[in-house]
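1. Coordinates for the following, if possible.
(one chain, ligands or ions: 1)
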Amino acid sequence: MKIVMLGAPGAGKGTCAKVLSEKYNIPHISTGDIFRANIKNGTELGKKAKTYMDQGLLVPDELVVDLVVDRLKQDDAKEGYILDGFPRTIPQAEALDAALAQINDKIDYALDIEVEDAHIIERMGGRRCCVKCGATYHLVNVPPKKEGICDVCGEALILRDDDAPETVKKRLDVYHEQTQPLITYYKEKGVLAEVEGHDEVTETMAGIYQVLG
Ligand code: AP5
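-> Residues are numbered from 1 along each chain as shown. Below you'll find the model as predicted:
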């Protein structure tokens, strides 16, 4: 099963992708997590990506597309994958489709998690992340067992640099301008499913399972 997660920053793409990845035993591939790991490790890619991410802007397509296409060729992605945060622009979606067409393949589902902007701004202030393993929490909605510590790997949790309210507003503007057109793109391909994302995570997951059958 090949799934693309769509939705605004903070809609819950990563949270739901992790659940799906465990259930279907296919990898969760998050371009945001890949960039954050590169930033943490001080790589050239990380240095370049950080200048855009800190401003709430998208990293240029040429730094993203080959990275993802190469990742999809790895053995663990043979039976499927969940793409989280990619594609994010029409050129990225077209490049992905072209790469898949070369191997007679295509995306099965584009799941759009729908949450209003005002709700997102509220949510993001409470998000805490683990940069080591990529786990995500929320101070109120999805708290870790021990305050400030990752349940999975024991690392200290952080507030992401790009979760400052002003940067979240910028990311939402960028989302509406550059990423939201992908909803029409995937609708025209007949693979779009819209899922309500305002409620509890379990409710959002129930909506997703209804789509996936
Ligand atoms: P990325 O890491 O992909 O960020 P994003 O798309 O902005 O999405 P987020 O990770 O912020 O949110 P999410 O939807 O995964 O929500 P989450 O599950 O965490 O990208 C970061 C940056 O990298 C970009 O700005 C860009 O610069 C760059 N980048 C990445 N990919 C790129 C690409 N392809 N091209 C160019 N640039 C790229 O949930 C949010 C919070 O809400 C959490 O605290 C969670 O616990 C809580 N929560 C989730 N669901 C629910 C629910 N149903 N009810 C209550 N709380 C919930």
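2. and stretch 88-95, what's its mean pLDDT?
-> Stretch 88-95 shows a mean pLDDT of 98.
3. For stretch 199-213, which residues meet the burial criterion?
-> Neighbour-count burial for stretch 199-213, with 16 or more other Cβ atoms under 10 Å as criterion, is recorded at 204, 205, 207, 208. (C-beta placed from N, C-alpha, C; glycine too.)
4. so which of these comes closest to the ligand?
-> Distance to the ligand across those (Cβ to the nearest ligand atom) is lowest for residue 204, with 4.3 Å.
5. What helix or strand is residue 107 located in?
-> Counting by DSSP states H and E, there is no helix or strand that carries residue 107.
6. Can I get the helix or strand hosting residue 203 as PDB, trimmed to CA atoms?
-> If you go by DSSP H and E, residue 203 is part of helix 201-212. Coordinates of each C-alpha in helix 201-212 appear next as PDB, following Å, rounded to 0.1, in the frame of the first residue of the first chain:
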ATOM      1  CA  VAL A 201      -6.300  10.900  17.400                       C
ATOM      2  CA  THR A 202      -8.400   7.700  17.700                       C
ATOM      3  CA  GLU A 203     -11.300   9.400  15.800                       C
ATOM      4  CA  THR A 204      -9.000  10.600  13.000                       C
ATOM      5  CA  MET A 205      -7.600   7.000  12.700                       C
ATOM      6  CA  ALA A 206     -11.100   5.600  12.600                       C
ATOM      7  CA  GLY A 207     -11.800   7.900   9.600                       C
ATOM      8  CA  ILE A 208      -8.600   6.700   7.900                       C
ATOM      9  CA  TYR A 209      -9.400   3.000   8.500                       C
ATOM     10  CA  GLN A 210     -12.900   3.600   6.900                       C
ATOM     11  CA  VAL A 211     -11.100   4.800   3.800                       C
ATOM     12  CA  LEU A 212      -8.400   2.000   3.700                       C
END
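7. Contacts for it next, please.
-> The contact list for helix 201-212, computed with Cβ atoms under 8 Å, 6 or more residues apart in numbering, reads 1, 12, 15-16, 19-20, 109, 111, 113, 141-142, 193, 195-197.
8. Mind doing that once more with 10 Å?
-> Residues from elsewhere that reach helix 201-212 (Cβ atoms under 10 Å, 6 or more residues apart in numbering): 1, 3, 5, 7, 11-12, 15-17, 19-20, 23-24, 108-109, 111, 113-115, 138, 141-142, 192-200.
9. Buried among the residues you listed? Need that as a selection in ChimeraX.
-> Here is the ChimeraX selection string for the buried members of these, based on 16+ other Cβ under 10 Å:
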select :3,5,7,11,12,15,16,17,19,20,109,111,113,114,115,138,142,192,193,194,195,197
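10. ok, whichever residue of the chain sits closest to the ligand - how many residues close by?
-> Here the chain gets closest to the ligand at one residue, residue 32, 1.9 Å apart by Cβ to the nearest ligand atom. By other Cβ atoms under 10 Å, 21 other residues sit near residue 32.
11. show me the contacts for it.
-> 9, 13-14, 49, 53, 59, 84-86, 88, 129, 134, 160, 162.
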